[in-house]
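give me the fold of what follows.
(chains A, B and C)
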Amino acid sequence: MLTILFDGVAYGMLLFVLACGLAVTMGLMNFINLAHGAFAMAGGYITVILTARWGIPFLAALPIAFVATALLGAVLERTLYRRVYGQNELNQVLFSIGLTLMAVAAVDYFMGAQQQFLLLPEWLTGRSTIAGVGIGHYRLFIIVICVLLVIALQLILSRTRFGSRLRASVDDPRAASGLGININLVFISTFAVGSGLAGLGGALGADLLGLDPTFPLKFMIYFLVVVAVGGTSTITGPLLAALLLGIFDVAGKYYIPTIGAFIIYAVMIVSLMWKPDGLFSNVGKK
Amino acid sequence: MTTRRTLIKSAGALVLAASFPLIASAQEVVKVGLILPMTGPFASTGRQIEAAAKLYMAQHGNTVAGKRVELIVKDDTNVADMTKRLAQELIVNDKVNILAGFGLTPLALATAPLATQAKVPMVVMAAGTAMITEQSPFIVRTSFTLPQNTLGIAKWAPNNGIKKAVTLVSDFGPGIDAQNAFKKYFTEGGGEVVQEIRVPVRNPDFAPFLQRVSNLKPDAVFVFVPSGVGSIFMKQFSERGLDKSGIKLIGTGDVTDDDILNDMGAAAKGVITSMNYSAALDNPANKAYVEAFTKANNMRPNFMSVGGYDGMALIYKALEKTKGDVSGPALLEAMKGQSWESPRGPVTIDPDTREIIQNVYITEVKEVNGALYNVPFDKIEAVKDPAKIK
Amino acid sequence: MTKSIAEALSPSAALQASGRDWGRIRWFELAFWVVAIGAAFVLPSGFLLLNELAILILFAVSLDLVLGYAGIVSLGHAAFFGLGAYCAALLAKHFGIDPILGLLASASLAALLGLLSSVLLVRGHDLTRLMVTMGVALLLYEVANKMHWLTGGADGLTGVTMEPLFGSIEFDIFGRTAYTYSICVLAILFLLARILVRSPFGMSLHVVRQNPLRAAALGIHVNRRRATIYTIGAAYAGVAGALLAQTTGFASLDVLDFHRSADVLLILVIGGTGYLYGGIIGAVVFKLMQDWLASMTPQYWQFWIGLLLVVIVVVGHQKLIRPWTWFRKNQGGAA
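Residues are numbered from 1 along each chain as shown, chains lettered A, B, ... in the order given. You can find the predicted model right below:
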């Protein structure tokens, strides 16, 4: 059913927005940031507060959430993350789990443990049927935003000076630094943008996926799967991986409901067995 | 190297110190060990029950039959072996006379053998799986069973234009309980369950399941999902236009939990559920209860809270009947057959099954004075737990 | 002067002596175990907490074998723990077998799963391994949930009555038998592990962890060693899970839950990896902290644990336990 395909694509795109920041930081800084979900949650909560308590329209709240989360990411990068870069994998994992726990508890304390309800503007709710395919307006909105984001990201990476600096830093930090590229600046701005994207994803996803303090713990596995399967060296890798997973998950649950949650884990294990560096990785790194 | 041994020694000493029996003599004080989920996703249950229990004690004083009642509240952290250890420690170290609370089924199940072994009555104030009371003769329940609550809507539906239904539940114990109970009573009433859908508990997107429901075009979809998830479901339900396509959304009152109902927004309006309690019940006992509760806690009481309130009521009444005798078997006997007027209407503890016999109300979500409530418009009286009626 | 080739190649007497010395069990280690086991007979109560502690220590040690000796970061070690728990619970419930046999069965089953997943683990890099370990645990959780006809699903497995130990020692409500049982199992397994990691095999693991390339060049089959220790670690975790099920008479889905894997990782961070006793120290400190923090701020003790993690990593393990270095100019804060 094309409607299911559409739903899967929307879900996959949302996963991509949420996960691409993680892919970039992993590829760039070789840092396993399990706290990525916390940034997404932050973006979601910021949006809820802006729209529900301060009456700011949804569309305006989205970029604010992006910027606010990006700033949060930049601050954390400068103060905390930078000290953890060189350390071994275990420490990185523990550090990010620790941050996540702190974020979860803090949000629980300030906002309460219950579900947050995001009220969407009228024109985003509802549904149309185009050529026999049921199209939810909000999902269409998500797809449009994500496509724009992908295009923007690709353009930045390939056409701008910053993009080429970033790619250089990913390929070989030492050489890039030797050429005079300010690695620290690249790191901090990339991390900020990655976190900002996570925040945006959280804001977009709050309506679809729900929002409560346990959000990072619940959805972290999905982001990790996208990154693991999609590889960390391109933008298109995680995009395709996210779409794949989104479609498989939704279609799987529709056609074989008893399998349900297995699909994602099974797909992940199978793809990792087949190509341990990610399905779309173009480099034999590490 | 001495640090290691010192650590163990000091740990041992700490444990030793913690295990000395309390000075207070057991004769004057009746201790109730209240084990509740104070943290984690079910923290609202713990909050509601603790508040209700304390309210009862504040209203009725904390002395019964010449003994002082003392509550010891512990966090179960949602882990079964932790709960069992807490219960064991409460019995062995604190020497509680009654265990109470139990927010989740596995926690109650883990503690059941303990209640039997130590002969301590166990008042289940929250968990809803039917077979819990069968695990120990010392278990008494003041909350509800899922079949009890499902019965209401399953009987109402066929008489009100719903002949074809799809059931959609979260794939875990209570969900499956509700699904089976609904099928049984709905088909008994002449309805037909065209499909039973189970949704993973950790489920990000309802789209595929809702698509199925939409394809099947039933008269109604019966839903049981954990408390917070209900709102996401309802949003997606109306977002897909399913409510306008003539499919009614029905379920048990867990989906329209009073605790968060008001925040759910317009998507929740018109949802019909059946439950053993609603904050909108208009008997005098409930009006007083809601007022006192809201005043003391700044939140609306929900169906979990009455489990706690009535649990305390049961304990008090049992103590009065035994005239202060706190031995387990005596208290247990006194609890059986107790009857009183609760905020949810008249209730009785069934002496055979030790379940609570109570009314089940059919409610619709409507706006009352600017807030959303489950407004009752029908009821089934004195419902025994149907799972136990052979 | 002229030594034969065999003589030249064999290790000198001094080297052999230092090798033996490296593996010898010190007296204070034995003393520790005597105290721990003796506590079972001396203390009047508190066994329940100690029992939990013993099981936690065994679980932590099992992860230490994997993490500290094979260098594999696993976020899914609870898979083996849970498998062992369910195995023991089901065997006790349906067949009423002797508890010790139950332990052996659980260990074998967990070892099997460990062996199978070690195949997945040797491929790919850090993130892949992490994902696979997490994925296996999550998958197992879903399977256990789905097969509720076998496992009781989310309600858990009830009716697990334990046969008396050795046919005569009953499990009592105070937990004395449970603790004695657990601590003895822990002691035996710990000493076995101790012998293992200080053996030539253990030394080869040391080499593998520090420099896999050089180890391979020396002729050590790196992947096989890793798979072996991973399987052993899995078996130990299975025993820990079985002990939990047997001493509490219950098994539910949360033996497979992520928080179990995360907790035990945290314990090793606190106590230190790679020398086995880290599990003990970490578990004791963790439990004490958990009780202390939970009683102060029940809902938010997670926050302080998270903070502790962040501080440990940022400041560095070595610096943290040596306060006199705090004000010295830092040398990179390596852990």
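
who's in contact with A:Pro216?
A:Ala35, A:His36, A:Gly37, A:Ala38, A:Ala40, A:Met41, A:Thr100, A:Ala103, A:Val104 (Cβ atoms under 8 Å, 6 or more residues apart in numbering or on different chains). Just so you know, the C-beta spots here come from the backbone N, C-alpha and C atoms, and that holds for glycine as well.

mind saving the C-alpha coords of the helix or strand hosting C:Cys87 as CSV?
Assigned by DSSP states H and E, C:Cys87 falls within helix C:78-95. Taking Å, rounded to 0.1, in the frame of the first residue of the first chain, the C-alpha atoms of helix C:78-95 are listed here in CSV:
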residue,chain,number,x,y,z
ALA,C,78,22.3,-8.5,30.7
ALA,C,79,21.4,-10.8,27.9
PHE,C,80,23.4,-13.6,29.5
PHE,C,81,22.3,-12.7,33.0
GLY,C,82,18.6,-12.8,31.9
LEU,C,83,19.1,-16.0,30.0
GLY,C,84,20.6,-17.7,33.0
ALA,C,85,17.9,-16.4,35.2
TYR,C,86,15.1,-17.7,33.1
CYS,C,87,16.8,-21.0,32.5
ALA,C,88,17.2,-21.7,36.2
ALA,C,89,13.7,-20.5,36.9
LEU,C,90,12.1,-22.7,34.3
LEU,C,91,14.2,-25.7,35.2
ALA,C,92,13.2,-25.3,38.9
LYS,C,93,9.6,-24.7,38.1
HIS,C,94,9.0,-27.6,35.6
PHE,C,95,11.5,-30.1,36.7
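
distance from the chain centre to that helix, please.
17 Å (Cα atoms, centre = their mean, to the nearest Å).

what helices or strands is that helix leaning on?
Helices and strands touching helix C:78-95, by 3 or more Cβ pairs under 8 Å, 6 or more residues apart in numbering or on different chains; DSSP states H and E, are helix C:99-121, helix C:126-146, helix C:148-151, helix C:222-248, helix C:258-271.

go through the ones you listed and name the closest to A:Gly112.
Of all the helices and strands packed on helix C:78-95, helix C:258-271 sits nearest to A:Gly112, with 21.2 Å by Cβ to Cβ.

contacting residues around the closest one?
Residues contacting helix C:258-271 (Cβ under 8 Å, 6+ apart): A:90, A:93-94, A:97, A:217, C:56, C:59-60, C:63-64, C:67-68, C:74-78, C:81-82, C:134, C:137-138, C:254, C:277-283, C:285-286, C:305, C:308-309, C:312-313, C:317.

what parts of the stretch 101-250 of chain A come near chain C?
A:101-106, A:108-109, A:217, A:221, A:224-225, A:227-228, A:232 (Cβ under 8 Å from any Cβ of the partner chain).

which one of the residues you listed sits closest to A:Pro173?
A:Thr232 (14.2 Å).

and the residue of the stretch 51-200 of chain B nearest chain A?
Nearest residue of the stretch 51-200 of chain B to chain A: B:Pro200, at 4.1 Å (Cβ to the nearest Cβ).

before we move on, the earlier item: quick check on the residues of the stretch 101-250 of chain A next to chain C: which are buried?
The neighbour count (16 or more other Cβ atoms under 10 Å in any protein chain shown) marks A:101-106, A:108, A:217, A:221, A:224-225, A:227-228, A:232 as buried among these.

can you tell me the SS state at the residue nearest the centre of chain C?
The centre of chain C sits closest to C:Ser62, judged by Cα atoms, centre = their mean, with a distance of 2.2 Å. Following DSSP: H, G, I helix; E, B strand; the rest coil, the label given to C:Ser62 is helix.

who are the neighbours in contact with it?
C:Ser62 neighbours (Cβ under 8 Å, 6+ apart): C:His77, C:Phe80, C:Gly233, C:Ala234, C:Ala235, C:Tyr236, C:Ala237, C:Val239, C:Ala240.

which of those tops the neighbour count?
C:Phe80 (39 neighbours; other Cβ atoms under 10 Å in any protein chain shown).

and that residue, what pLDDT?
Confidence at C:Phe80, expressed as pLDDT, is 95.

distance of it from B:Thr273?
42 Å (Cβ to Cβ, to the nearest Å).

same deal with B:Asn93?
Taking Cβ to Cβ, one finds B:Asn93 at 42 Å from B:Thr273.

hmm, B:Ile389 and B:Thr145 touching each other?
No. With contact defined as Cβ atoms under 8 Å, B:Thr145 does not reach B:Ile389; the gap is 11.6 Å.

circling back to that earlier point, can I get the helices and strands packed on helix C:78-95 in a markdown table including mean pLDDT?
Below are the helices and strands packed on helix C:78-95 laid out as a markdown table (pLDDT from 0 to 100):
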| stretch | mean pLDDT |
| --- | --- |
| helix C:99-121 | 90 |
| helix C:126-146 | 82 |
| helix C:148-151 | 79 |
| helix C:222-248 | 91 |
| helix C:258-271 | 86 |
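
ranking those helices by burial, who's on top?
helix C:222-248 (a mean of 26; mean count of other Cβ atoms under 10 Å in any protein chain shown).

just confirm yes or no for that helix near chain A.
No. Using Cβ under 8 Å from any Cβ, helix C:222-248 stays clear of chain A, with a minimum separation of 13.5 Å.

follow-up on the earlier one: neighbour count winner among B:Thr145 and B:Ile389?
A direct count of neighbours by other Cβ under 10 Å for B:Thr145 and B:Ile389 places B:Thr145 higher, at 30 against 8.

then stretch B:325-345 to PDB, C-alphas only?
The C-alpha trace of stretch B:325-345 is given here as PDB (Å, rounded to 0.1, in the frame of the first residue of the first chain):
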ATOM      1  CA  ASP B 325      -5.600  -7.800  67.100                       C
ATOM      2  CA  VAL B 326      -2.800  -7.500  64.500                       C
ATOM      3  CA  SER B 327      -2.000 -11.100  63.800                       C
ATOM      4  CA  GLY B 328      -2.100 -11.800  60.100                       C
ATOM      5  CA  PRO B 329      -4.800 -14.400  59.800                       C
ATOM      6  CA  ALA B 330      -7.100 -12.400  62.100                       C
ATOM      7  CA  LEU B 331      -6.700  -9.300  60.000                       C
ATOM      8  CA  LEU B 332      -7.200 -11.300  56.900                       C
ATOM      9  CA  GLU B 333     -10.500 -12.800  58.100                       C
ATOM     10  CA  ALA B 334     -11.700  -9.300  59.200                       C
ATOM     11  CA  MET B 335     -11.000  -8.000  55.700                       C
ATOM     12  CA  LYS B 336     -13.100 -10.500  54.000                       C
ATOM     13  CA  GLY B 337     -16.600  -9.400  53.500                       C
ATOM     14  CA  GLN B 338     -16.100  -5.800  54.500                       C
ATOM     15  CA  SER B 339     -18.500  -3.400  52.900                       C
ATOM     16  CA  TRP B 340     -18.500   0.400  52.800                       C
ATOM     17  CA  GLU B 341     -19.300   3.500  50.900                       C
ATOM     18  CA  SER B 342     -16.300   4.600  48.900                       C
ATOM     19  CA  PRO B 343     -15.900   7.600  46.600                       C
ATOM     20  CA  ARG B 344     -16.400   5.100  43.800                       C
ATOM     21  CA  GLY B 345     -19.700   4.000  45.200                       C
END
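
what about that stretch, average pLDDT?
Rounded mean pLDDT across stretch B:325-345 is 90.
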